[in-house]
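A.B. asks: 3D, please:
(one chain, ligands or ions: 2)
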Amino acid sequence: MKQVVFWGTRGSLPVSLTHRDIREKIIAALTAANGKSFKTRLALEDFVDKLPFTVAGTFGGNSSCVEIVADRDSHFICDMGSGARPLGQAKIARFGIPHPQTYQIFISHLHWDHLMGFPYFAPMYIPGNRIVIHGCHADLERAVRLQMQSPCFPVDYAQAGAKIEFDIMTPDEAHYISGINVTPKRQMHAGDSYGYRFESVDRTVVYSTDSEHRLDDPAEHDAISHFFRKADLVIFDAMYSLAEAVSVKADWGHSSNIVAVELCQAAAAKRLALFHHEPVHDDQQLARMVAETRRLEQITRGSRAPLEILSAYDGLTIDL
Ligand SMILES: [Zn+2]
Ligand SMILES: [Zn+2]
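C.D. replies: Ligands and ions are numbered 1, 2, ... in the order given. Here you go, the predicted model:
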């Protein structure tokens with residue numbers, strides 16, 4: 001495994017910037033540029049690249065879809081949220097039509113924010129492609145087909161040109177798929193969700209979203225930190241702040257940035273990506289959350305190796 005590309009990082013439903021958000025970013029950028037002059041485009045790009053991420057960027061965007069760039073031919077994808085649409089477009093731009101490719105897709109659970117991008121995933125309409133949809137829910141195929149039925153969607157599932165297969169996996173067992181060992185683990189969430197641990201010869205990535213991790217249960221704590229053990233990257237559902245997670249939103253099936261740090265430290269993981277952002281959190285709130293998370297990691301680090309922390313955004317590419 002070489003890289004991880006985030007195509008959709010928002011939780012629950014896609015969120016777009018509003019006119020007001022864009023206006024505020026332009027005002028902030030022009031305020032920072034006040035009195036400066038830029039003779040070349042390069043000078044301008046350099047200035048923009050030094051602006052805070054909340055001014056020059058945005059967390060986005062589309063709902064859950066993450067690509068793990070593997071060493072072999074198969075494409076590895078976690079979840080089919082609305083980020084699957086730009087992912088599919090990128091694959092077609094790269095490989096053309098027809099482009100016989102194999103897509104290994106791992107579905108965490110059947111909530112709509114994790115499936116809604118599939119009807120817009122263009123490679124599914126192209127003959128010659130093979131799509132294997134892996135998951136642990138017995139009704140995985142029914143859920144995927146359901147959202148493409150009249151009157152909810154104009155194109156019927158039967159019109160898919162690609163060969164689509166379903167693979168129901170057994171939790172806690174390693175499944176060897178195209179050069180990678182994939183182990184699913186059941187997580188606490190309405191209707192259950194499953195995290196996936198991907199292990200290649202020299203890299204480990206854990207995708208763990210839509211999961212309410214309880215630190216007050218020692219057995220659960222040990223099981224999850226074992227699942228995360230020594231991962232190069234843990235992609236973690238940090239939808240809520242700790243205050244939200246332990247009060248009004250307890251039992252809502254999601255975790256916090258505080259729990260993420262605790263579990264990744266116990267697991268000796270190297271990098272943590274905060275993921276599945278709450279739709280009501282704007283760029284400022286998400287930037288504050290990652291800054292607070294980094295501070296917490298520093299304070300609680302002790303003699304451990306540092307844990308690198310980032311907040312995932314649509315378009316982010318991480319070299320493993
Ligand atoms: Zn979700
Ligand atoms: Zn969910």
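A.B. asks: residue 23 belongs to a helix?
C.D. replies: Yes. The assignment for residue 23, made by DSSP: H, G, I helix; E, B strand; the rest coil, places it in a helix.
A.B. asks: what about the residue lying closest to residue 55 once chain neighbours are set aside, how many neighbours?
C.D. replies: Nearest in space to residue 55, with sequence neighbours left out and distances taken as Cβ to Cβ, 6 or more residues apart in numbering, is residue 28 at 4.5 Å. No exception for glycine: its C-beta is placed from N, CA and C like everyone else's. For residue 28, the count of nearby residues is 15 (other Cβ atoms under 10 Å).
A.B. asks: and if you look at residue 11?
C.D. replies: Around residue 11 there are 25 other residues, counting by other Cβ under 10 Å.
A.B. asks: I figured it hits residue 274, correct?
C.D. replies: No. With contact taken as Cβ atoms under 8 Å, residue 11 and residue 274 are classed as non-touching, separated by 10.9 Å.
A.B. asks: tell me the secondary structure at the residue nearest to residue 55.
C.D. replies: Here residue 28 is helix, with the state taken from three-state DSSP.
A.B. asks: need the per-residue pLDDT for it.
C.D. replies: If you check residue 28, the pLDDT there is 97.
A.B. asks: what distance do you get for it to residue 53?
C.D. replies: If you measure residue 28 against residue 53 using Cβ to Cβ, to the nearest Å, the figure is 12 Å.
A.B. asks: and what about residue 149, helix, strand or coil?
C.D. replies: The local conformation at residue 149, judged by three-state DSSP, is coil.
A.B. asks: residues contacting it?
C.D. replies: For residue 149, the residues meeting the contact criterion (Cβ atoms under 8 Å, 6 or more residues apart in numbering) are 156-157.
A.B. asks: do the one 10 residues further on as well
C.D. replies: When contacts are counted by Cβ under 8 Å, 6+ apart, residue 159 touches residue 125.
A.B. asks: just the pLDDT for it.
C.D. replies: Among the per-residue scores, residue 159 holds a pLDDT of 91.
A.B. asks: one more: residue 248?
C.D. replies: Reported pLDDT at residue 248 in the predicted model: 55.
A.B. asks: and for residue 34?
C.D. replies: So residue 34 comes in at 94 (pLDDT).
A.B. asks: and for it, the neighbour number?
C.D. replies: For residue 34, the count of nearby residues is 6 (other Cβ under 10 Å).
A.B. asks: measure how buried residue 211 is and give me the count.
C.D. replies: Each residue near residue 211 was counted by other Cβ under 10 Å, and the total is 25.
A.B. asks: which residue is the nearest non-sequential neighbour of it?
C.D. replies: Nearest in space to residue 211, with sequence neighbours left out and distances taken as Cβ to Cβ, 6+ apart, is residue 187 at 3.5 Å.
A.B. asks: got the contact list for the one you found?
C.D. replies: Remark: with contacts taken as Cβ under 8 Å, 6+ apart, residue 187 is in contact with 193-195, 208, 210-213.
A.B. asks: contacting residues around the residue of the stretch 51-200 of the chain found nearest ligand 1?
C.D. replies: Proximity to ligand 1, evaluated over the stretch 51-200 of the chain using Cβ to the ion, is greatest for residue 113 at 4.4 Å. The neighbourhood of residue 113, defined by Cβ under 8 Å, 6+ apart, consists of 10-13, 63-64, 81-82.
A.B. asks: which of those sits closest to residue 199?
C.D. replies: Closest approach between those and residue 199, by Cβ to Cβ: residue 64, at 21.3 Å.
A.B. asks: contacting residues for the residue nearest to residue 135 when sequence neighbours are not counted?
C.D. replies: If you skip the residues right next to it in sequence, residue 135 has residue 107 as its closest partner in space, 4.0 Å away by Cβ to Cβ, 6+ apart. Contact criterion Cβ under 8 Å, 6+ apart gives 79-80, 114-115, 133-135, 137, 140 as the residues in contact with residue 107.
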